[in-house]
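**Student:** here are the coordinates; sequence isn't available:
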């Protein structure tokens with residue numbers, strides 16, 4: 001196996017470990033909050049605090065990475081998140097949960113939003129040719145979602161293994177911490193991430209060329225619309241709504257969301273084939289738009305079985321825009337600009353996502369209406385149409 005492939009698989013392995021940890025949390029966390037007596041509005045507020053904290057960590061490490069180097073930054077990040085996750089495990093009230101949740105970096109949407117993400121996205125294109133970039137990002141995201149599916153599936157079993165109740169939830173959080181530590185160890189072995197390689201701050205917008213500034217600014221604004229809508233319907237929000245609306249248990253939810261993430265993983269492997277035929281931007285739009293119509297329909301599902309069926313149909317397309325989106329951002333910027341482009345667009349999404357879960361919490365007081373699905377579906381459809389209108393003719397080099 002050549003050196004480039006080895007480094008690519010290291011990144012895939014780190015992504016998978018992190019994904020398994022994400023899977024353990026995405027369904028169990030809202031169930032845990034409900035278990036200790038926290039209500040819908042407060043749960044929505046905690047979700048927003050989690051997302052705001054993740055954004056803060058991305059800002060902090062992106063600005064400090066030049067001085068500390070990526071390895072020390074990643075180690076520092078892992079320590080902070082591990083301590084915070086342990087704090088969440090031993091908190092039993094809303095007020096205690098807030099400060100620890102801020103630094104816990106939980107990916108409540110099921111997809112990865114950690115500080116590792118922009119670094120990985122900027123490194124991957126260095127190990128593959130332009131012709132293989134779409135396929136590589138598809139594999140990268142597929143391994144992540146397969147790991148999330150495995151984590152969600154294992155969450156119910158591990159919960160019982162650790163004694164159910166509070167002990168079960170604490171056990172899941174401990175495994176989450178161990179996954180992050182192992183992830184950081186693997187990631188630190190990848191060459192080219194030492195301090196001596198850091199020549200610019202990840203959020204140094206001024207370092208981009210005039211053309212790249214314009215493109216990244218517009219893409220960040222559009223991605224923010226999509227991310228705000230996505231924050232209304234995080235996987236954790238959907239799981240909690242299923243619990244409120246239909247009385248779904250952790251056991252049943254673990255099966256449902258394991259299947260959801262498995263479906264996503266399988267669908268992602270089709271994206272390079274579709275992108276090769278119709279182009280990256282059209283792949284993003286023409287797979288995403290139908291999924292958002294299905295998202296809206298979940299609000300009107302009369303039973304748990306119908307709601308799950310619609311959700312699974314929706315998930316066959318909902319994340320097929322992710323690998324093309326990541327690849328597209330890398331393709332329309334130069335190699336030197338990729339870390340900044342990935343960080344700026346990623347943090348733009350994170351800021352937008354963090355601002356909407358508390359709105360979902362308020363909407364969930366009117367559980368039968370399914371308002372998060374209606375508003376989320378409409379906003380995401382608007383994003384799709386704007387993206388097609390503005391960037392259909394801005395082609396990556398290989399097109």
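**Tutor:** Great, that's in hand. Keep in mind the model is a prediction, meaning the values are calculated, not measured.
**Student:** tally of neighbours for the nearest residue to residue 347 once chain neighbours are set aside?
**Tutor:** Closest residue to residue 347 apart from its sequence neighbours, by CB to CB, 6 or more residues apart in numbering: residue 58 at 5.0 Å. Backbone N, C-alpha and C define where each C-beta goes, glycine included. When neighbours are counted by other CB atoms under 10 Å, residue 58 registers 25.
**Student:** does anything pack onto the helix or strand where residue 58 lies? Which helices or strands?
**Tutor:** Using DSSP states H and E, residue 58 maps to helix 40-68. Applying 3 or more CB pairs under 8 Å, 6 or more residues apart in numbering; DSSP states H and E, one finds that helix 40-68 makes contact with helix 28-35, helix 70-89, helix 94-104, helix 235-246, helix 338-354, helix 357-363.
**Student:** following the helix or strand of the chain with the lowest mean pLDDT, which helix or strand comes up?
**Tutor:** When each helix and strand of the chain is scored by mean pLDDT, DSSP states H and E, helix 116-123 comes last, with a mean of 71. Per DSSP H and E, the first helix or strand lying C-terminal to helix 116-123 is helix 133-161.
**Student:** who does that next one touch, helix- and strand-wise?
**Tutor:** Packed against helix 133-161, as judged by 3+ CB pairs under 8 Å, 6+ apart, are the following elements: helix 3-26, helix 165-187, helix 250-268, helix 271-278, helix 322-331.
**Student:** please identify which of those helices is closest to residue 157.
**Tutor:** Residue 157 sits nearest to helix 250-268 of all the helices and strands packed on helix 133-161, at 8.1 Å, using CB to CB.
**Student:** which other residues reach the closest one?
**Tutor:** Helix 250-268 is contacted from outside by 23, 26-28, 31, 110, 138, 141-146, 148-150, 152-153, 155-156, 159, 235, 239, 242-243, 248, 308, 311-312, 315-320, 322-323, using CB atoms under 8 Å, 6 or more residues apart in numbering.
**Student:** quick one: buried residues of that helix?
**Tutor:** 250, 252-254, 256-265, 267-268 (16 or more other CB atoms under 10 Å).
**Student:** also stretch 315-325?
**Tutor:** Under 16+ other CB under 10 Å, the buried positions of stretch 315-325 are 315-325.
**Student:** quick check, nearest of those to residue 114?
**Tutor:** Nearest to residue 114 out of the buried residues of stretch 315-325 is residue 322 (CB to CB; 14.9 Å).
**Student:** which SS class is residue 109?
**Tutor:** Three-state assignment for residue 109 (DSSP: H, G, I helix; E, B strand; the rest coil): coil.
**Student:** pull the number of nearby residues for it.
**Tutor:** 22.
**Student:** repeat that for residue 185.
**Tutor:** By the measure other CB under 10 Å, the count of residues near residue 185 is 14.
**Student:** OK, contacts around it?
**Tutor:** Listed by CB under 8 Å, 6+ apart, the contact set of residue 185 is empty.
**Student:** from residue 76, how far off is residue 57?
**Tutor:** 10 Å (CB to CB, to the nearest Å).
**Student:** ok, now how distant is residue 86 from residue 169?
**Tutor:** Applying CB to CB to residue 86 and residue 169 gives a distance of 12 Å.
**Student:** more neighbours, those two?
**Tutor:** residue 169 (26 against 17).
**Student:** my guess is that one contacts residue 27. True?
**Tutor:** No - Residue 169 sits out of contact with residue 27 when judged by CB atoms under 8 Å, with a separation of 11.4 Å.
**Student:** any common contacting residues for the two?
**Tutor:** With CB under 8 Å, 6+ apart, residue 169 and residue 27 have no common neighbours.
**Student:** just give the nearest non-adjacent residue to residue 215, would you?
**Tutor:** In space, residue 215 is closest to residue 332, 5.4 Å off (CB to CB, 6+ apart).
**Student:** quick check: the one you found touching residue 338?
**Tutor:** No - if you go by CB under 8 Å, residue 332 and residue 338 don't touch, sitting 10.1 Å apart.
**Student:** in the stretch 251-399 of the chain, what spans have low per-residue confidence?
**Tutor:** Counting by pLDDT under 70, the stretch 251-399 of the chain shows low-confidence ranges at 397-399.
**Student:** try 80 this time
**Tutor:** The model of the stretch 251-399 of the chain has pLDDT under 80 over residues 334-340, 342-343, 346-347, 365-369, 394-399.
**Student:** from memory residue 139 sits against residue 12, does it?
**Tutor:** Yes - using CB under 8 Å, residue 139 makes contact with residue 12 at a distance of 6.7 Å.
**Student:** what's the per-residue pLDDT of residue 96 here?
**Tutor:** You'll see residue 96 listed with a pLDDT of 86.
**Student:** what's the end-to-end length of stretch 111-127?
**Tutor:** 23 Å (CA to CA, to the nearest Å).
**Student:** separation between residue 345 and residue 332?
**Tutor:** 11 Å.
**Student:** which of the two has more residues huddled nearby?
**Tutor:** In this view residue 345 and residue 332 are compared by other CB under 10 Å, and residue 345 has more residues nearby, 26 against 20.
**Student:** can you count the residues close to the nearest residue in space to that one that is not next to it in sequence?
**Tutor:** In space, and not counting its chain neighbours, residue 345 is closest to residue 220: 5.1 Å by CB to CB, 6+ apart. For residue 220, the neighbour count with other CB under 10 Å is 21.
**Student:** hmm, back to that, any idea which of the buried residues of helix 250-268 is closest to residue 296?
**Tutor:** Nearest member of these to residue 296, counting by CB to CB, is residue 260, at 17.2 Å.
**Student:** how far away is the closest one from residue 249?
**Tutor:** 16 Å.
**Student:** what do you get for residue 375?
**Tutor:** Distance from residue 375 to residue 249, counting by CB to CB: 27 Å.
**Student:** same question, residue 60
**Tutor:** 38 Å.
**Student:** neighbour count for the two, which is higher?
**Tutor:** residue 60 (15 against 11).
**Student:** state the pLDDT value of residue 1.
**Tutor:** What the model reports for residue 1 is a pLDDT of 56.
**Student:** then residue 70?
**Tutor:** At residue 70, pLDDT is 60.
**Student:** my guess is the residue nearest to residue 347 contacts residue 346, does it?
**Tutor:** Yes - counting by CB under 8 Å, residue 58 touches residue 346, with 6.9 Å between them.
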